[in-house]
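Enquirer: Model the following, please.
(one chain, ligands or ions: 3)
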Amino acid sequence: MTLTGDAMRILLIDDEPFALKLLIHQLRGLGHGDVIGLARARDALDLLQAGEPRIDMILCDLQMPEMDGVEFVRHLAGIGFVGGLVLISGEDERILHTAGRLARAHRLNVLGALRKPVDPARLRAVLEARRATTPTLVEPEPFDFGPEDLWRAITGGRVINHYQPKVALDGGEVIGVEALARWRQPDGELIGPDRFVPVAEQHGLIDALTRVVLVNALRQVRTWREAGLDLHVAVNVSMANLDDLDFPDFIAREATRAGVPLTSLVLEVTESRLMVDPLAPLDILSRLRLKHIELSIDDFGTGYSSLAQLRDLPFVELKVDRGFVHCACREPDLCAIFEASLGMARQLGLRTVAEGVENADDWRFLRDSGCDLAQGYFIARPMPAMAVAGWATEWRERYPVLLAGRT
Ligand code: C2E
Ligand code: MG
Ligand code: MG
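Expert: Numbers count the residues shown, from 1 in each chain. Ligands and ions are numbered 1, 2, ... in the order given. Here you go, the predicted model:
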């Protein structure tokens, strides 16, 4: 079939072969013959990253083994997918609703959510919705690179850290910063981590990447300390880093070399990844904790952890995913998830961080919620290391105004 102006190429992802066949059949019945059906989200991501064939719309099941729909949605946002997205689930309506909100919070073009078995009339309605909308995202410039290019960038000092502050909601103190990796291009353009971290993970480069980010972050903490700024630094680690038995000793050696106490370091692990097999990295996590390195569970709310699972892991901090923070003051569903997350953290005695604080309404809501720390564009965007001291001075002037509520 040749593509006409109206025809769409649809990517359908569902691990259940019967559901996959049924939906392909239904789509054909509605005149959409150009459908690629895949059983694994990982394969779908590979196809999308290859850029060929171009996909106009994705229909994705939420419950899948390996990589579930929620994690897939995060990756989709990372690669800047601009087509339409439809979420499908056999579970109750609320899960669909929440996953839809999360996807929208990540700026994806969500056209609707469908319960299984899919009602043909509703399917037709979401397909029509695709025609009526134009993508809201700006498609990133195509950026073609292979693992060798990334390797050269990591080893050649072209992966640098930006830092985003974390502040106390009560008192406004600047507690620390999160190191966020960027790949600097020869023309000065910075490529974000969502575009190269997955490649590093797939091609065995993640250890090298994490080590560079860590070493740079520790050196930077030392420089700030010398300038009178005592900041903690948080570094994101991948699950693959937690397979490496030398990892805790490497960190200890580098901290000594930089002259920075290990208590200044926080390692963030994404919840959805951790919950795939929470016991696997337990020995490394425990050894990191024994060295007094703080562990933080990142993007909380995307991984469906239970209280029991969390209790068994040596975390000291919980960061609620930005999808449940921004607009929680206005959306009862988000507010409920946010408050349940805080409640869980409190029961476990964990420090809480809200990420994705984007405006004064978010800030006021958090200030009243009892959450400990806040991070987000409203406080500061990620910035180069040299900008942090100046920002901190400016923040100390701004905070009393926020406190007085005159935002
Ligand atoms: P994350 O750890 O959840 O980091 C926060 C991300 O949210 C950052 O995106 C940050 O720029 C963005 N952000 C901060 N405040 C706001 C806000 O108010 N609104 C919105 N919409 N976004 C906000 P960034 O830098 O693109 O990083 C994306 C992800 O890439 C990080 O998510 C982290 O999971 C991963 N990452 C970053 N650096 C590294 C690294 O060195 N190693 C590994 N393994 N992953 C990294
Ligand atoms: Mg993080
Ligand atoms: Mg996060």
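
Enquirer: Correct me if wrong: Ala153 contacts Val159.
Expert: Yes: between Ala153 and Val159 a contact is recorded at 5.5 Å, counting by Cβ atoms under 8 Å. Glycine gets a C-beta too; all of them are placed from N, C-alpha and C.

Enquirer: what touches both of these two?
Expert: The contact sets of Ala153 and Val159 overlap at Trp183, Arg184 (Cβ atoms under 8 Å, 6 or more residues apart in numbering).

Enquirer: Can you name the residues of the stretch 251-400 of the chain sitting close to ligand 3?
Expert: By the rule Cβ under 5 Å from the ion, the part of the stretch 251-400 of the chain lying against ligand 3 is Asp298, Asp299, Glu355.

Enquirer: which one among the residues you listed gets closest to Val212?
Expert: Checking those against Val212 by Cβ to Cβ gives Asp298 as the nearest, at 19.4 Å.

Enquirer: Tell me the secondary structure of that closest one, please.
Expert: strand (DSSP: H, G, I helix; E, B strand; the rest coil).

Enquirer: shaky segments in the stretch 301-407 of the chain?
Expert: 405-407 (pLDDT under 70).

Enquirer: repeat that for 80
Expert: Scanning the stretch 301-407 of the chain for pLDDT under 80 picks out the ranges 302-309, 403-407.

Enquirer: got the residues of it near ligand 1?
Expert: Counting by Cβ under 6 Å from any ligand atom, the residues of the stretch 301-407 of the chain close to ligand 1 are Arg322, Glu355, Gly356, Val357, Glu358, Gly376, Tyr377, Pro382.

Enquirer: And the helices in the stretch 251-400 of the chain, which stretches?
Expert: Ranges of helices in the stretch 251-400 of the chain, per DSSP state H, counting those that start in this stretch, are 271-274, 282-290, 307-311, 332-347, 360-369, 388-403.

Enquirer: Quick check: mean pLDDT of the first one?
Expert: Averaged over helix 271-274, pLDDT sits at 78.

Enquirer: Now do it: which elements does it pack against?
Expert: Judged by 3 or more Cβ pairs under 8 Å, 6 or more residues apart in numbering; DSSP states H and E, helix 271-274 is in contact with helix 69-78, strand 294-300.

Enquirer: quick one: the helices in the stretch 101-250 of the chain?
Expert: Ranges of helices in the stretch 101-250 of the chain, per DSSP H, counting those that start in this stretch, are 120-132, 147-155, 193-202, 206-226, 247-258.

Enquirer: what's the second one packed up against?
Expert: This points to helix 147-155. Secondary structure elements in contact with helix 147-155, counted by 3+ Cβ pairs under 8 Å, 6+ apart, are strand 174-184, helix 193-202, helix 206-226.

Enquirer: now those in a markdown table, with mean neighbour count, mean pLDDT and distance to Ala280?
Expert: A markdown table is the format used below for the helices and strands packed on helix 147-155 (neighbours: other Cβ atoms under 10 Å; pLDDT from 0 to 100; distance: least, Cβ to Cβ, whole Å):
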| stretch | mean neighbour count | mean pLDDT | distance to Ala280 |
| --- | --- | --- | --- |
| strand 174-184 | 22 | 97 | 24 |
| helix 193-202 | 18 | 91 | 15 |
| helix 206-226 | 20 | 97 | 16 |
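
Enquirer: Out of the residues of the stretch 301-407 of the chain next to ligand 1, which end up buried?
Expert: Buried subset of those (neighbour count, 16 or more other Cβ atoms under 10 Å): Arg322, Glu355, Gly356, Val357, Glu358, Gly376, Pro382.

Enquirer: So which bits of the stretch 151-300 of the chain are right by ligand 1?
Expert: For the stretch 151-300 of the chain, the residues in contact with ligand 1 (Cβ under 6 Å from any ligand atom) are 164, 180-181, 192-194, 197, 210, 213, 236-238, 268, 270, 298-299.

Enquirer: mind redoing it with 5 Å?
Expert: Leu180, Ala181, Gly192, Pro193, Val197, Val213, Asn236, Ser238 (Cβ under 5 Å from any ligand atom).

Enquirer: These: which two are farthest apart?
Expert: By the measure Cβ to Cβ, those have their two most distant members at Gly192 and Ser238, which lie 15.8 Å apart.

Enquirer: about what we covered before: which among the helices of the stretch 101-250 of the chain is found nearest to Arg367?
Expert: Nearest to Arg367, of all the helices of the stretch 101-250 of the chain, is helix 206-226, at 26.4 Å by Cβ to Cβ.

Enquirer: ok, of the helices and strands packed on helix 271-274, where does mean pLDDT dip lowest?
Expert: When I compare these, helix 69-78 is least confident, with a mean of 83.

Enquirer: hmm, that one touching ligand 2?
Expert: No: using Cβ under 5 Å from the ion, we find that helix 69-78 stays clear of ligand 2, coming within 12.1 Å at best.

Enquirer: For that helix, give me every contacting residue.
Expert: By Cβ under 8 Å, 6+ apart, the surrounding residues in contact with helix 69-78 are 13, 41, 44-45, 48, 58, 60-64, 67, 85, 87, 89, 99, 102-103, 106-108, 192, 194-195, 198, 272-273, 299, 302-303.

Enquirer: any idea which of the buried ones among the residues of the stretch 301-407 of the chain next to ligand 1 is the one closest to Ala255?
Expert: Nearest to Ala255 out of those is Pro382 (Cβ to Cβ; 22.8 Å).

Enquirer: how close does the closest one sit to ligand 3?
Expert: Going from Pro382 to ligand 3 by Cβ to the ion, to the nearest Å gives 12 Å.

Enquirer: Verify the contact between that residue and Leu190 for me.
Expert: No: under the criterion of Cβ under 8 Å, Pro382 makes no contact with Leu190, lying 9.8 Å away.
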